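A.B. asks: Quick one: sequence and predicted model below, then my questions.
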Amino acid sequence: MENMFKKTLLALAITGFAGSALAAADIKTGSELNAVEFSIEGSASKVNILAGDVEVVLGAEYSVGDILTFTFVGGAADITTVPSNYTTNGVAAGSVTVGLLNATASTLTYRVTEIVSGGTTIGETVVLSGLEFTRASVVAGSTVVATYAAATSTNQAIDTSSTTSSATIIEATSQFTIAASPTLFDAVVDVEAQRLAFEGPSTTDLAAFTTVSDGALTYPATAIDFDVSLAGNFSFLDEDADTAGIQITAGQVLPAPTTITDSAITWDAVAVGAHNITIKTDKATDVTPTQKFYYAVTANFTDHGTAEAAGTGATAGTKAVATNSALGEWTLNGSVVEIPYMPFGPNTQPIIYHTNDGSQSGDITMRYMVEGVDTSYQDAGTLVSQAGPGVRNLLSLVNAAMLAEGYNSATTGFKVALEITTNVPADDVKVTAAAKVTTSDSDRLSIGVISSN
């Protein structure tokens with residue numbers, strides 16, 4: 001009866017750049033150590049990925065005619081690189097020669113053609129060297145897993161055991177990532193400071209994230225930097241309303257941006273590592289808006305090239321590392337209620353009531369945006385100083401504020417969005433908004449009760 005011993009499938013990995021020595025990874029415990037882990041970005045110009053040697057230590061007595069089968073899942077083998085035969089090194093004085101019977105992209109079949117007598121085949125090692133897989137298939141599948149099986153010429157399974165006979169031999173990995181747990185913008189805009197600073201008091205908020213490049217991967221990309229953009233509302237930083245674009249003082253945004261617009265700040269060619277973004281409000285002349293921030297990062301690099309040695313046929317490439325990723329927000333230490341639409345005019349009677357059902361008092365301020373005139377909110381100042389709890393009619397105050405801004409509801413109709421801010425807890429404030437339009441043949445009323453955002 002054949003002695004049945006466990007066998008071990010071994011995967012050898014390239015441990016450095018081309019030409020480095022190989023080291024075997026014993027996966028009899030199920031670990032997947034030393035698989036060839038290559039850079040998806042760095043290998044962009046390559047057609048094939050070279051696997052480490054795939055080894056099987058025979059654990060049974062084999063005979064001429066026995067069949068050895070290697071199956072690959074997750075990648076397509078280039079059959080032109082498949083070894084046609086192999087002779088074991090005879091460490092057990094029973095060297096085994098195997099010859100290729102058939103090769104497909106997923107299965108290699110070998111037959112034992114010769115065994116040196118006088119020893120045992122147990123402990124002999126069959127090695128497949130130089131095996132390559134198409135890069136496109138490996139990137140699509142992410143990993144390549146090799147599985148070994150053996151059988152007699154009559155299809156009787158041999159050399160079986162409970163020990164795993166599979167191993168990951170190649171892994172496709174993105175070289176560029178963002179480290180976990182970025183530092184988020186989290187300032188609270190202070191109404192007491194006329195919304196020109198944060199609580200604390202402070203005029204500075206910081207966010208940070210870290211770009212990572214894993215240069216230990218096989219076929220690594222080089223010449224790496226990153227382009228970064230931060231999306232938000234930065235119009236309040238503009239110090240020169242008469243000049244097109246956003247004009248800021250040095251140090252207002254750090255690092256110094258490559259470009260800044262109303263809606264985005266960009267930094268080009270940022271080095272790998274921590275990227276700290278600081279925004280200061282001390283030079284701002286407009287109120288600091290409550291908002292959410294999002295960032296995007298693109299890696300720029302040169303790939304490894306077409307050959308095993310770096311540089312041959314290398315080309316430039318880019319990779320989006322982060323897209324529309326959250327980077328925190330600025331909130332307000334008070335109530336902000338937006339009335340999205342309100343008509344004013346000689347034949348229109350707006351209704352605007354402010355209810356504070358809490359116990360605190362605070363200023364009520366207003367911003368407005370007139371239809372057809374404004375594309376962002378304009379500051380109309382303070383409507384009420386230290387407004388106490390209770391119900392308050394704001395219509396005459398709003399009319400007066402709009403008149404001061406050049407809009408006379410008694411003579412000319414206009415439509416406007418209003419932002420009512422109260423320096424009391426947000427949950428304490430509600431605003432009732434309605435508009436009554438009165439003509440000779442109509443009387444319409446629309447009412448809405450709006451709470452803080």
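C.D. replies: Great, that's in hand.

A.B. asks: Contacts only, for residue 408.
C.D. replies: Residues counted as contacts of residue 408 (C-beta atoms under 8 Å, 6 or more residues apart in numbering): none. Any C-beta I mention is one placed from the backbone N, CA and C, and that applies to glycine too.

A.B. asks: pLDDT at it, what is it?
C.D. replies: Reading off the confidence values, residue 408 has pLDDT 95.

A.B. asks: Residue 434 contacts residue 341, doesn't it?
C.D. replies: No - in this structure, residue 434 is not within contact of residue 341 by C-beta atoms under 8 Å, at 11.3 Å.

A.B. asks: residues touching residue 413, list them.
C.D. replies: Taking C-beta under 8 Å, 6+ apart, we find residue 413 in contact with 343-348.

A.B. asks: Kindly recompute the last result at 6 Å.
C.D. replies: Counting by C-beta atoms under 6 Å, 6 or more residues apart in numbering, residue 413 makes contact with residue 345.

A.B. asks: now the one 3 residues further on
C.D. replies: Contact partners of residue 416, counting by C-beta under 6 Å, 6+ apart, are 342, 368, 370.

A.B. asks: ok, so of those residues, who is nearest residue 322?
C.D. replies: residue 368 (36.3 Å; C-beta to C-beta).

A.B. asks: That closest one: helix or strand, and which one exactly?
C.D. replies: Applying DSSP states H and E as the criterion places residue 368 in strand 362-370.

A.B. asks: Now the element after that strand, going C-ward?
C.D. replies: Counting by DSSP H and E, the next helix or strand C-terminal to strand 362-370 is strand 378-387.

A.B. asks: residues of that following strand that come out buried?
C.D. replies: Neighbour counts over strand 378-387 (16 or more other C-beta atoms under 10 Å) mark 379-380, 382-384, 387 as buried.

A.B. asks: before we move on, back to that, out of the contacts of residue 416, which are buried?
C.D. replies: Buried members of the contacts of residue 416, counted by 16+ other C-beta under 10 Å: 342, 368, 370.

A.B. asks: could those residues go into CSV alongside pLDDT and distance to residue 53?
C.D. replies: As requested, those are exported to CSV (pLDDT from 0 to 100; distance: C-beta to C-beta, whole Å):
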residue, pLDDT, distance to residue 53
342, 94, 76
368, 97, 74
370, 97, 75
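
A.B. asks: Including distance to residue 392, could those go into TSV?
C.D. replies: Listed next are these as TSV, based on distance: C-beta to C-beta, whole Å:
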residue	distance to residue 392
342	17
368	18
370	24
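
A.B. asks: which stretches of the chain form helices?
C.D. replies: 135-141, 395-404 (DSSP state H).

A.B. asks: Among those helices, show me which one is buried the most.
C.D. replies: Of the helices of the chain, the one with the most neighbours on average (mean count of other C-beta atoms under 10 Å) is helix 135-141, at a mean of 18.

A.B. asks: tell me the mean pLDDT over that helix?
C.D. replies: Mean predicted confidence for helix 135-141 is 98.

A.B. asks: and the closest residue to residue 237 other than its chain neighbours, how many neighbours?
C.D. replies: Distances taken as C-beta to C-beta, 6 or more residues apart in numbering put residue 248 closest to residue 237, at 5.2 Å, once the chain neighbours are dropped. Burial of residue 248, expressed as a neighbour count using other C-beta atoms under 10 Å, amounts to 21.

A.B. asks: okay, now the domains of the protein?
C.D. replies: Split into domains by automatic domain parsing, the chain comes to 8-173, 177-332, 335-451.

A.B. asks: circling back: now the angle between helix 395-404 and the strand holding residue 368, please.
C.D. replies: Between the axes of strand 362-370 and helix 395-404, defined by axes from the mean of the first three to the mean of the last three C-alpha atoms, to 10 degrees, the angle is 50 degrees.
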